[in-house]
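S.K.: this is a predicted model, with the sequence first.
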Amino acid sequence: MGSHNSSFYYRPFADRFFNAEKILGILHLIGAALMYMMFKSENVAVFYPYVLVYMILYMPTLALVNSVSFRQMTNPEKEFPSIRIFGTIGWILAGLIISYAFHWDNEQNNTTNDTLRNTFLMAAIASVVLGLFSFTLPKTPPKKINEKGGASVSQILGLDALKLLKDKNFLIFFIASVLICIPLAFYYQQANPFLTTIGLENPTAKMAIGQVSEVIFLLLIPFLFKRFGFKNTILIGMLAWAVRYLLFAYGNAGELTFMLIIGIALHGICYDFFFVSGQIYTDAKAGEKYKSSAQGLITLATYGIGQLIGFWVAGFVTEHYKTAGNSDSYWQNVWLVPAGIAAVVCFLFAVIFKNDKKVAVNE
């Protein structure tokens, strides 16, 4: 159950035909084998197919964990955050192990990538343990989609939620979800290499500060969402992305280290205020009929379309400034791009989206 969780209610296609816990176990065991092959790979050409297949198989496990969890809960809205926090704790532990226990992310140790590649071996072992443990989880058989036990093709694929896009507010939110994932991809792709390159000590462990803040703000989300409403909460999240990247652009590993630490610590606001609030809003907007499909639709917008575009843009931008040859301002130029994108998305959302407090909070 990773920090960057899938939607609260989305159930993948396979989960409608097989026990969720069994699929979860099988996927993690296959993932362990793929991780081990990544560890053994000698070059990118060999490595890339393994990581591609691994990510294709891994992403559904996030939703499968939710399926198993929610089927055992009587009050998911109150019970699930306390379960989800353990996924964030896992991120924190991984960062501490990599940085402090083995120093695999030390720049001097990584001149040939011989140490950092050990993270794949560690992940493979963890995946084996998780895969085997998954088979011990409570049995979670397929749930009938409707009272008759059948379903249309659109229901099975989750396409019935497309009707929600007729609502202007939801359409704007859907587009914003895609666009805000562009700056998100910069963080996923470049934050650790950036911190390592500029000489910040134990960068992976320090990045775990972001997960600590995520735990804190996750617990505060219900209060903040009810206090400020959906629009204001999500605007704060978008603005935090812009501020974070400005801190990265002008901070350094010397006397301005505090700027980098603050930028990392903003992760809780960046992620929780947008993604978790968005899941709550989507759940309220969709209602009982389209709940599962709507969450799947937003997952497609963020973890699918948004990050696909985002990683391409992040790669294009970093390669552009790398070939430009100005090494002194390289990272500053890179971070100013997602800062600008986040600021523009924030402004447009503030102007176009009409706050509907009744739907967002009470429905």
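M.R.: Perfect, thanks for sending it.

S.K.: next one: stretch 129-145 to chain centre, how far?
M.R.: Computed by CA atoms, centre = their mean, to the nearest Å, the separation of stretch 129-145 from the middle of its chain amounts to 23 Å.

S.K.: for the protein, name the helix or strand with the lowest mean pLDDT.
M.R.: Every helix and strand of the chain was ranked by mean pLDDT, DSSP states H and E. The lowest is helix 357, at a mean of 52.

S.K.: from Ile262, how far out is Gly306?
M.R.: Using CB to CB, to the nearest Å, Gly306 is found at 25 Å from Ile262. C-beta here means a position set from N, CA and C on the backbone, and glycine is covered the same way.

S.K.: how far is the longest helix belonging to the chain from where the chain is centred?
M.R.: Using DSSP state H, we find that the single longest helix of the chain is helix 203-250. Computed by CA atoms, centre = their mean, the chain-centroid distance of helix 203-250 equals 13 Å.

S.K.: quick one: list the elements packing against that helix.
M.R.: If you count contacts as 3 or more CB pairs under 8 Å, 6 or more residues apart in numbering; DSSP states H and E, helix 203-250 packs onto helix 76-96, helix 168-197, helix 257-265, helix 267-271, helix 277-299, helix 330-352.

S.K.: do that again at 10 Å, thanks
M.R.: helix 76-96, helix 168-197, helix 257-265, helix 267-271, helix 277-299, helix 330-352, helix 357 (3 or more CB pairs under 10 Å, 6 or more residues apart in numbering; DSSP states H and E).

S.K.: could you say what helices and strands the following helix or strand past the first one packs with?
M.R.: Downstream of helix 76-96, the next assigned helix or strand under DSSP states H and E is helix 118-134. Using 3+ CB pairs under 10 Å, 6+ apart as the contact criterion, the neighbours of helix 118-134 among helices and strands are helix 20-40, helix 44-72, helix 76-96.

S.K.: check which residues of helix 118-134 are buried.
M.R.: Across helix 118-134, burial judged by 16 or more other CB atoms under 10 Å covers 119-120, 122-124, 126-128, 130-131, 134.

S.K.: and which of these is nearest Ile26?
M.R.: Gly131 (7.4 Å; CB to CB).

S.K.: and what about Thr74, helix, strand or coil?
M.R.: coil (DSSP: H, G, I helix; E, B strand; the rest coil).

S.K.: which of Gly306 and Ile262 has more neighbours?
M.R.: Legend: neighbour count by other CB atoms under 10 Å for Gly306 and Ile262, higher for Gly306 (23 against 15).

S.K.: excluding chain neighbours, what is closest to the more buried one?
M.R.: Once flanking residues are discounted, Gly306 sits nearest to Cys181: 2.7 Å by CB to CB, 6 or more residues apart in numbering.

S.K.: Tyr50 contacts Ile30, doesn't it?
M.R.: No: in terms of CB atoms under 10 Å, Tyr50 does not count as a neighbour of Ile30; the distance is 11.0 Å.

S.K.: the two: who's more crowded?
M.R.: Tyr50 (19 against 16).

S.K.: touching, Lys206 and Thr257? I think so.
M.R.: Yes: the criterion here is CB under 10 Å, and Lys206 meets it with Thr257 at 9.2 Å.

S.K.: which one of the two is surrounded by more residues?
M.R.: Per other CB under 10 Å, whichever of Lys206 and Thr257 has more neighbours is Lys206, with 20 against 15.

S.K.: distance of Leu184 from Phe86?
M.R.: For Leu184 relative to Phe86 (CB to CB), the value is 23 Å.
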